[in-house]
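Trainee: Got a sequence here, can you model it:
(2 chains)
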There are 2 protein chains.
Amino acid sequence: MGEVVLHKVSSHKAFEGELIKYKYKSAALGGLDTAFNLYLPPIAAHGKVPVLVYLAGLTCTEDNGAQKGSFLGVASAQGIALLFPDTSPRGAGIEGEDKDWDFGTGAGFYLNATNPKYAKHYNMLTHVTLELPQVIEAASLPIDFKRQSIFGHSMGGHGALTLYLSSKTKQYRSASAFSPIANPTKCPWGEKAFNGYLQGGVEEARGQYDATELISKSRDPVHILIDYGTGDEFLKQGQLLPENFLKAARESGYDEVQVRVRSQEGYDHSYYFISTFASDHIHFHANFLKA
Amino acid sequence: MGEVVLHKVSSHKAFEGELIKYKYKSAALGGLDTAFNLYLPPIAAHGKVPVLVYLAGLTCTEDNGAQKGSFLGVASAQGIALLFPDTSPRGAGIEGEDKDWDFGTGAGFYLNATNPKYAKHYNMLTHVTLELPQVIEAASLPIDFKRQSIFGHSMGGHGALTLYLSSKTKQYRSASAFSPIANPTKCPWGEKAFNGYLQGGVEEARGQYDATELISKSRDPVHILIDYGTGDEFLKQGQLLPENFLKAARESGYDEVQVRVRSQEGYDHSYYFISTFASDHIHFHANFLKA
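Mentor: Okay, the predicted model is just below:
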């Protein structure tokens, strides 16, 4: 990792801190250029700060959360860095990769592909959990990766919950999600992704990439917050299934303090919904990141 | 105006209120379809609320401020509606209209064109100050147009300041701007716009469409707040000239209470800058809108 060079693409002052976009050649993504945004709160000028990773949803990039999430002001005040990875490799040149909006580019699903067609490039799990922390530490940026939490939206909510629950190293202190794809082995988006990226398809996904399956087998203490809107069209289509996750969590013995799932009347799947509850989520994570 | 029909394009719940996009055939814009966003705070369910008009900058639409400004949460808490018009007519089909990013589509400059080539469609002044209030009132939406203020960014900052200062009817109670084009008769963007839209070119603009010229002749009480960033590339290029506006305001006898111009160290021209000071600006207007 010592040879990875981070290129600063842009920098914007925001809430007295700095939002910086970097790019670098990602080994995890098969040598492709990838970009991420990192928000450093003002207090990071005086020492390392904890970090909250935001995983975006289908079709998004590293920019959507930074631009539309209303996260930066709260993170500034709380002294927490925000890390915004991209949602997939870009430019792998795999046949069919750009055909659909819900698979391939912009739809990496935060897993490591085992289907040989995708295995070289589609390794967002390794990219987010291992490579980005290593690259950022190697660049001597003021992030304390011993204090990480993770959140996300839709496909990114799936990512946040599964990376949190499946982490062997208990890498993240807490997880939260807006409108997550919470039971992807049972919905069209998840089935399509798993059947495409994984050699064993949906069956291979069950034990590691389905939050509902993972919580049903978990007995460790957890800190999870989920918000979804009752006006969400994808909820109505059965793509999200947060009720399955909640039921499995309760059956595993988790109470409302450990797993809180909130149904928000009338809200939809948009960033307007996310921004409404952004402050809640960052304060939730601050409880654990600053403990 | 009684025949104007507002079509609801979309609606998003946000911060317990509602952001609604409407479209309608605009007489002021020569019969073209135009869209606007209207944010209604939750208290609007119980009676009419004051309104703050946001004018966006070059290349923007009615969406940029709503999505990236971080305005909605503060407006919700303050009980103020937000009105986001578009930045120009769209689809007029005038030769050369889409050639440049800083003229024509997305660059209406909040004036009424007198050049015959543009005079039928490019009347954003009438659209914002007269037509939108009439159309919204006719639709019985819960807005009290006796309590209006106005703000904007870049070209929209120019619009906010000039519409405020030139209003014969004192339509707006206060004006504020992020990185405004504050002396457009003396900068390339303004010269290009005025020479294109106005038969008399820059000379015709001087008395009505240049905030620095207007403040230099004004002696009425005013309530103006301006923020700009010292890291703004367009400031460095001489497109904004807020120092000219400040100098003219002081020469007209306005003190820091009436005209406040703040230089913000290191901030640039982006929505990250706007969102940082969004709360300040809405609270500034709330002083007058709720008086």
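
Trainee: which non-adjacent residue is nearest A:Pro188?
Mentor: A:Gln239 (6.6 Å; CB to CB, 6 or more residues apart in numbering or on different chains). C-beta coordinates here come from the backbone N, C-alpha and C atoms, glycine included.

Trainee: Does that neighbour touch A:Asn183 like I think?
Mentor: No. With contact defined as CB atoms under 8 Å, A:Gln239 does not reach A:Asn183; the gap is 9.6 Å.

Trainee: Can you pull out the low-pLDDT segments for chain A?
Mentor: A:1-2 (pLDDT under 70).

Trainee: What is the burial count for A:Lys21?
Mentor: The number of residues packed near A:Lys21 is 18, by other CB atoms under 10 Å in any protein chain shown.

Trainee: Could you pull up the residues touching the closest residue to it other than its chain neighbours?
Mentor: Spatially, and ignoring its direct neighbours in sequence, A:Lys21 is nearest to A:Val9 (4.2 Å; CB to CB, 6+ apart). Residues in contact with A:Val9, defined by CB atoms under 8 Å, 6 or more residues apart in numbering or on different chains, are A:21-23, A:35.

Trainee: 10 Å instead, please
Mentor: Residues near A:Val9 by CB atoms under 10 Å, 6 or more residues apart in numbering or on different chains: A:20-23, A:35-37, A:62.

Trainee: hmm, back to that, residues bridging contact with A:Gln239 and A:Asn183, i.e. touching both?
Mentor: In contact with both A:Gln239 and A:Asn183: A:Gly190, using CB under 10 Å, 6+ apart.

Trainee: quick revisit: could you measure from the residue nearest to A:Pro188 over to chain B?
Mentor: In this structure, A:Gln239 and chain B are 19 Å apart, going by CB to the nearest CB, to the nearest Å.

Trainee: A helix includes that residue, no?
Mentor: No. The assignment for A:Gln239 (DSSP: H, G, I helix; E, B strand; the rest coil) gives coil, which keeps it out of a helix.

Trainee: Dihedrals phi and psi, it?
Mentor: When quoted as degrees, to the nearest 10, the phi and psi of A:Gln239 stand at phi -90, psi -20.

Trainee: can you check the one 4 residues further on too?
Mentor: Dihedral angles phi and psi of A:Glu243 (degrees, to the nearest 10) take the values phi -70, psi -30.

Trainee: quick one: the strands in chain A?
Mentor: A:7-14, A:17-26, A:32-40, A:49-55, A:81-85, A:143-153, A:172-178, A:224-229, A:259-264 (DSSP state E).

Trainee: Redo those as CSV? Include distance to B:Tyr197.
Mentor: Shown next, in CSV, are those (distance: least, CB to CB, whole Å):
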stretch, distance to B:Tyr197
strand A:7-14, 32
strand A:17-26, 36
strand A:32-40, 38
strand A:49-55, 42
strand A:81-85, 40
strand A:143-153, 42
strand A:172-178, 43
strand A:224-229, 43
strand A:259-264, 45
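
Trainee: between those strands, which gets nearest to B:Glu191?
Mentor: B:Glu191 lies closest to strand A:7-14 among the strands of chain A, at 28.6 Å (CB to CB).

Trainee: neighbouring strands for that closest one, and are they parallel or not?
Mentor: strand A:17-26 (antiparallel) (DSSP bridges).

Trainee: buried stuff in the strand it pairs with?
Mentor: A:17-24, A:26 (16 or more other CB atoms under 10 Å in any protein chain shown).

Trainee: mind checking how far it is from the chain centre?
Mentor: In terms of CA atoms, centre = their mean, to the nearest Å, the centre of strand A:17-26 is found 17 Å from the chain centre.

Trainee: what angle do it and strand A:49-55 make?
Mentor: 60 degrees (axes from the mean of the first three to the mean of the last three CA atoms, to 10 degrees).

Trainee: returning to that earlier point: tell me the one of the buried residues of strand A:17-26 nearest A:Glu251?
Mentor: Nearest member of the buried residues of strand A:17-26 to A:Glu251, counting by CB to CB, is A:Ser26, at 38.7 Å.

Trainee: Might one say that the closest one is in contact with A:Ser88?
Mentor: No. Between A:Ser26 and A:Ser88 there is no contact under CB atoms under 10 Å: 11.4 Å.

Trainee: who touches both of the two?
Mentor: A:32, A:34, A:121, A:124, A:127.

Trainee: Give the PyMOL command for selecting the buried subset of the residues you listed.
Mentor: To isolate the buried ones among the shared contacts of A:Ser26 and A:Ser88 in PyMOL, judged by 16+ other CB under 10 Å, type:
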select buried, chain A and resi 32+34+121+124+127
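
Trainee: Where does the stretch 151-291 of chain A get nearest to chain B, residue-wise?
Mentor: In the stretch 151-291 of chain A, the residue that lies nearest chain B is A:Tyr272 (3.9 Å; CB to the nearest CB).

Trainee: Write out the residues of the stretch 1-150 of chain A neighbouring chain B.
Mentor: A:10-19, A:39, A:64, A:66-73, A:76 (CB under 10 Å from any CB of the partner chain).

Trainee: Try it again at 8 Å.
Mentor: When proximity is defined as CB under 8 Å from any CB of the partner chain, the stretch 1-150 of chain A approaches chain B at A:12-16, A:19, A:67-68, A:70, A:72-73.

Trainee: and stretch A:82-102, which residues are buried?
Mentor: Those would be A:82-90, A:92, A:94, A:97, for stretch A:82-102 by 16+ other CB under 10 Å.

Trainee: and the lengthiest helix in chain A with strand A:143-153, angle?
Mentor: Longest helix of chain A, by residue count under DSSP state H: helix A:271-289. Going by the same axes, to 10 degrees, helix A:271-289 is angled at 140 degrees with respect to strand A:143-153.
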